[in-house]
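J.: model the following, please.
(2 chains)
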Number of protein chains: 2
Amino acid sequence: MDNLDIQENLKIILDESSNLSLNEIRRLLNKMSSSEIAHALESSPPKQRSLLFSLLEIDEEGDVLSDLGEEIQQDLISNISNDELAEAVKELELDEVVDILQNLPEDRMKKILSKMSLRDRQRIELGLTYPDDTAGGLLNTDVISVRPSHTMEVVINYLRGQDELPENTDKIFVVSKEDKYVGELSISKIITSKLSLTVREVMETNILPIVVDQEDKEVAILFERNDLVSSAVIDESGKLIGRITIDDVVDVIREDADQNFLGMAGVAEDTFAPPGRAAKSRVFWLSMNLLTAFIASMTINIFKDTLDQIVYLAVLMPIVASMGGVAATQTLTIVLRGLTLEQISSSNLRWLLKRELAVSILNGMVLSVLVGVATYIWFNEIILSILISCALIINLISSVLAGVFVPLILRHFKQDPAIAGSVVVTTVTDVVGFLSFLGLATIFLI
Amino acid sequence: MDNLDIQENLKIILDESSNLSLNEIRRLLNKMSSSEIAHALESSPPKQRSLLFSLLEIDEEGDVLSDLGEEIQQDLISNISNDELAEAVKELELDEVVDILQNLPEDRMKKILSKMSLRDRQRIELGLTYPDDTAGGLLNTDVISVRPSHTMEVVINYLRGQDELPENTDKIFVVSKEDKYVGELSISKIITSKLSLTVREVMETNILPIVVDQEDKEVAILFERNDLVSSAVIDESGKLIGRITIDDVVDVIREDADQNFLGMAGVAEDTFAPPGRAAKSRVFWLSMNLLTAFIASMTINIFKDTLDQIVYLAVLMPIVASMGGVAATQTLTIVLRGLTLEQISSSNLRWLLKRELAVSILNGMVLSVLVGVATYIWFNEIILSILISCALIINLISSVLAGVFVPLILRHFKQDPAIAGSVVVTTVTDVVGFLSFLGLATIFLI
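T.: Below you'll find the model as predicted:
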């Protein structure tokens, strides 16, 4: 089976499933990996998605569920029995089971836990105590640990005795008698070291373990900066309680990027969400915009006598407001990126603000000439051209102040600046845009 | 040294470096890892950045350079001598050296290559032949390969004979006599298998190697879907030419997300770019918006007689245009996400379009009531209220058509829909917004 075949299977399932018998679809699904099936489900409208999921073997269901986004995962789970779900998640890794169970209603979760072995239940109940967006939410307990006094020979023989090593095992961990984390030992070092050396002599001790309550975004930054494949996780007392592996961290990075991207437009739904859910996810944002649009209208209303006398002001006024909105979004985007990557601090904020002001003045000069000339060609009125140019420069400067300070203020009040930022910022530039253009016109043209 | 110390060092460098002697800064830098230094450089304005970089030891410079974004990397390189650069990159991995050299002017690159050993030079010259955004651009040549006929004992002894294994070696590769890729052998399997078995008996053959000219985004999807740590890379003839490791793939994912995020606002620069460069990166987008703003103004101009008679139309008209713009951006965002994740195909596009229309009608009903009631309260004119409600519904429907088809059309013409999409889409909703509201008003109020 090669890449082309897989693409082919996926295409057939998506494009032609209505022409296939259930058995034919089932045969295609059997040839696909769980992640490919998950992709097919995420690319299908709800009805077709339920059909495809119902055709899966029960032992495939767990892997597919854990590869799905939260919303689709929970939709599909709500249609299967407790017995089936308990069976499906049996073979999953701890963090995967916890991800699935923690979103269930309390009593359903309890019923499913009661169907598991005592050992599994205790492990999962511990996992459920950690918040989803912390290191604990990414935790797996499939760690191999050794003591500092063991020799390499003992370690190698211990490893050779395993049927297979847990996935993504690039290192094992060294713990004290009290299970406290002491250091780590890469598999590569184990293979290439002399058999007579002790763990203490070979282990690395300057790599920091992750603490279970660290934020998952911080974990992602640590993995990225230090090129990690796995990392030890300790509790507050320093006890080794598990590990985090890169595959789960990659999911955090991808989801985080996805949320930032969607958040900027006030959207929070999967691509093929049903219409009711999609409408609900977006209506808040639209309503906020309606409110701010009325605020802009009220600003215009202040100048209705001016507009009554000079009608072409109404023709030109959206230009100033819209240019300010675009410039403000650009500044906001740079500041949001800097905040996300933790690049902005009190020491460089001043420089950043000055740079943004310089940018707005540089671009303001270019654009105000363009807008002035275009207005002069169109209306052949020199004062009007000068006024619109000045209003544009005023609004570009206001766009910098809004773009820099609005996200900082929102963050100070613990609001996500990626979500609320652009509405607030464009309200500012709309209001300042109409105020400056119509205000100047009222002073100089009436 | 623990996490807190590192944060502390970074903070001191960023916030107080002006109060420190160069020796004190140098001592702090010595305590930081190359990725932390890179982060400090990316968080510094240009002048301070050059100062910090000049304080680094030459053997640290290479690692730091390879951790930096392209723009900052090339800035810093332009200030150091060819000898220093050749020395600094000596110890880097192939893909890192290639990343640095490929952006240099042709003659400078040649001078630096001429300072290297023949073996290094040939390896790098081969690396330079692969485009940056393909699997070849992520290629490392530090592969360990064995033959199918070797026994596990031979393989283990061979590995034990190495000083250390290359970083992120979770598997080694199996090749034929002609160096063709045959399969792979995980380190975990090597450790846990019987010594008398042959490679042929233990190896995995159903994992697909990556072909050198595959796009880097595709490589990222393969790594994500299959939870890979490393993967073989073959040329068109099937010969094993190297491998790709997860750390480089994580960088691709992060950069890709960063570009999508910045691209939507027409920004392309690092956070602390100097003002001239930042202004240049943004002015194109602002100029495009100026053009579309004039198109919107021309639409308004069609109705200047109407506006002359009923001035409050000018007060209300931005509401319809701006609501359409927000709704269109929401639809566009969902479609862009679907295209990026390869979820949208001809088979589900119809469903998606219908869903978006349903969403716009659902939200259109809610919002048109809100806007109608608010207008009635404000102006106490029932016909005006009905007109603005109708115009809003018309514009929301146009926002769906624009949000779905504009990105598809742009992609068809090989334009990046994430970049050009939002300008085109909001132009459509501005024009339709003004046309529908002022048009209806001209028909029913004049």
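
J.: use CA for all of it now, contacts and neighbours both
T.: Fine.

J.: now A:Lys239: phi and psi?
T.: A:Lys239 adopts backbone torsions of phi -80, psi 140, taken as degrees, to the nearest 10.

J.: chain A: strands as residue ranges?
T.: When secondary structure is read from DSSP state E, chain A shows strands at A:145-146, A:171-175, A:181-186, A:210-211, A:230-234, A:240-245.

J.: contacting residues around the fifth one?
T.: Strand A:230-234 is touched from outside by A:135, A:139, A:168-171, A:173, A:181, A:209-212, A:240-246, with contacts defined as C-alpha atoms under 8 Å, 6 or more residues apart in numbering or on different chains.

J.: so which of the residues you listed reach chain B?
T.: Taking C-alpha under 8 Å from any C-alpha of the partner chain, the overlap between these and the neighbourhood of chain B is A:Asn168, A:Thr169, A:Asp170, A:Ile246.

J.: now, the residues you listed that are in helices?
T.: Secondary structure assignment (DSSP state H) places A:Ile246 from those within helices.

J.: the longest helix seen in chain A - what's its average pLDDT?
T.: When secondary structure is assigned using DSSP H, the longest helix within chain A turns out to be helix A:346-379. Averaged across helix A:346-379, pLDDT comes to 95.

J.: how near is the residue nearest to A:Ala88 when sequence neighbours are not counted to chain B?
T.: The shortest distance from A:Ala88 to any non-neighbouring residue, by C-alpha to C-alpha, 6 or more residues apart in numbering or on different chains, is to A:Gly62 (4.5 Å). Distance, A:Gly62 to chain B, using C-alpha to the nearest C-alpha, to the nearest Å: 15 Å.

J.: for burial, what's the neighbour tally of A:Gly62?
T.: Taking other C-alpha atoms under 10 Å in any protein chain shown as the neighbour definition, A:Gly62 ends up with a count of 23.

J.: repeat for A:Tyr158
T.: Summarising burial for A:Tyr158: neighbours were counted as other C-alpha under 10 Å, giving 13.

J.: from chain B, how far out is it?
T.: Where chain B is concerned, A:Tyr158 sits at a distance of 10 Å (C-alpha to the nearest C-alpha).

J.: how close does the closest residue to A:Ala268 other than its chain neighbours get to chain B?
T.: Nearest in space to A:Ala268, with sequence neighbours left out and distances taken as C-alpha to C-alpha, 6+ apart, is A:Ser281 at 5.7 Å. Counting by C-alpha to the nearest C-alpha, the separation of A:Ser281 from chain B is 10 Å.

J.: touching, A:Ser281 and A:Ala265? I think so.
T.: No: using C-alpha atoms under 8 Å as the test, A:Ser281 is too far from A:Ala265 to be in contact (10.9 Å).

J.: between those two, what contacts are shared?
T.: Counting by C-alpha under 8 Å, 6+ apart, A:Ser281 and A:Ala265 have no common neighbour.

J.: comparing those two, which residue is more hemmed in?
T.: Remark: of A:Ser281 and A:Ala265, A:Ala265 carries more neighbours, 25 against 15, as counted by other C-alpha under 10 Å.

J.: check contacts around the more buried one.
T.: The neighbours of A:Ala265, taking C-alpha under 8 Å, 6+ apart as the test, are A:Trp285, A:Ile419, B:Val326, B:Thr329, B:Gln330, B:Thr333.

J.: related to what we said a few turns ago, counting neighbours, which of the ones next to chain B among the contacts of strand A:230-234 comes out on top?
T.: A:Ile246 (25 neighbours).

J.: got any ranges where the stretch 301-446 of chain A has weak pLDDT?
T.: Of all residues in the stretch 301-446 of chain A, none has pLDDT under 70.

J.: what does the model give the closest residue to A:Pro131 other than its chain neighbours for pLDDT?
T.: Spatial nearest neighbour of A:Pro131, chain neighbours left out: A:Gly137 (6.0 Å); criterion: C-alpha to C-alpha, 6+ apart. Model confidence at A:Gly137, expressed as pLDDT, equals 92.
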